[in-house]
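# Give me a model of this one.
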Amino acid sequence: MRIVGFDVGERRVGVAISDASGTLARAVGRLCPSDLAGDGPRLAAAEIDRLASEREADDETVSTIVVGLPRHLDGSPNRMTARVTDFASELGRLTGLPVVLQDERLTSHEAESRLAATEKSWRARKKRLDEVAASIILQDYLDLLHQPATSVPGAGT
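Below you'll find the model as predicted:
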């Protein structure tokens, strides 16, 4: 089962997908919807269908969608939070898949730093920024899934 991740921005939507084991995230592209609210979820649903059809031969399907949830550094909602929540709700309705909102604070900054290490051209980095941010959001989610359960101090004694 694969998991697809999205980084929803004002003009572009970055896309990432997990490996079959749900361990590693990989950037796969970006979408440029004309309207984030209307066109965006439909394009994202079509992208999920495309990614799933590419993997049908391996009998792998997409099981979950992860959408980066923008917030201020203090955790409070910002001007994009409601728009992204609406996007995620509509995407879930269109696909019938569960949608998880994953904290995306500082992921664009981290993506820029990673790209700057290998790509000197600002224009080239900008073209990949959204999809790399999506892969970071998805990887953060995957890492949480594979995190060992921690014991509660004093439990079981």
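# Neighbours of residue 63, how many?
By other CB atoms under 10 Å, the residues close to residue 63 number 14. Every C-beta, even on glycine, is put in place using the N, C-alpha and C of the backbone.
# For the helix ranked longest in the chain, which residues meet the burial criterion?
In the chain, with assignment by DSSP state H, the single longest helix is helix 122-145. Buried residues in helix 122-145, defined by neighbour count with 16 or more other CB atoms under 10 Å: 125, 128-142.
# all helices for this structure, in order.
So, for the chain - with DSSP H - the helices run 39-54, 81-95, 107-118, 122-145.
# and those helices as a markdown table, adding mean pLDDT and distance to residue 20?
A markdown table is the format used below for the helices of the chain (pLDDT from 0 to 100; distance: least, CB to CB, whole Å):
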| stretch | mean pLDDT | distance to residue 20 |
| --- | --- | --- |
| helix 39-54 | 83 | 12 |
| helix 81-95 | 93 | 19 |
| helix 107-118 | 67 | 24 |
| helix 122-145 | 82 | 12 |
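# Looking at the ones you listed, spot the one closest to residue 10.
Closest approach to residue 10 among these (CB to CB): helix 81-95, 8.5 Å.
# Tell me the gap between stretch 96-111 and the middle of its chain.
Mean-position distance between stretch 96-111 and its chain equals 5 Å (CA atoms, centre = their mean, to the nearest Å).
# swap in stretch 43-62?
Computed by CA atoms, centre = their mean, the chain-centroid distance of stretch 43-62 equals 15 Å.
# start to end distance for it?
16 Å (CA to CA, to the nearest Å).
# Could you count how many residues lie near the nearest residue to residue 51 once chain neighbours are set aside?
With sequence-adjacent residues excluded and distances taken as CB to CB, 6 or more residues apart in numbering, residue 51 is closest to residue 17, at 5.6 Å. Counted with other CB under 10 Å, the neighbours of residue 17 add up to 24.
# Likewise for residue 82?
Counted with other CB under 10 Å, residue 82 comes out at 11.
# From residue 99, how far out is it?
Per CB to CB, to the nearest Å, residue 82 is found 15 Å from residue 99.
# swap in residue 90?
Taking CB to CB, one finds residue 90 at 9 Å from residue 99.
# Could you do residue 76 as well?
22 Å.
# Of these two, which one has the most company?
Each of residue 76 and residue 99 has its neighbours counted (other CB under 10 Å); residue 99 has more, 19 against 8.
# what's the closest non-adjacent residue to residue 52?
residue 62 (4.9 Å).
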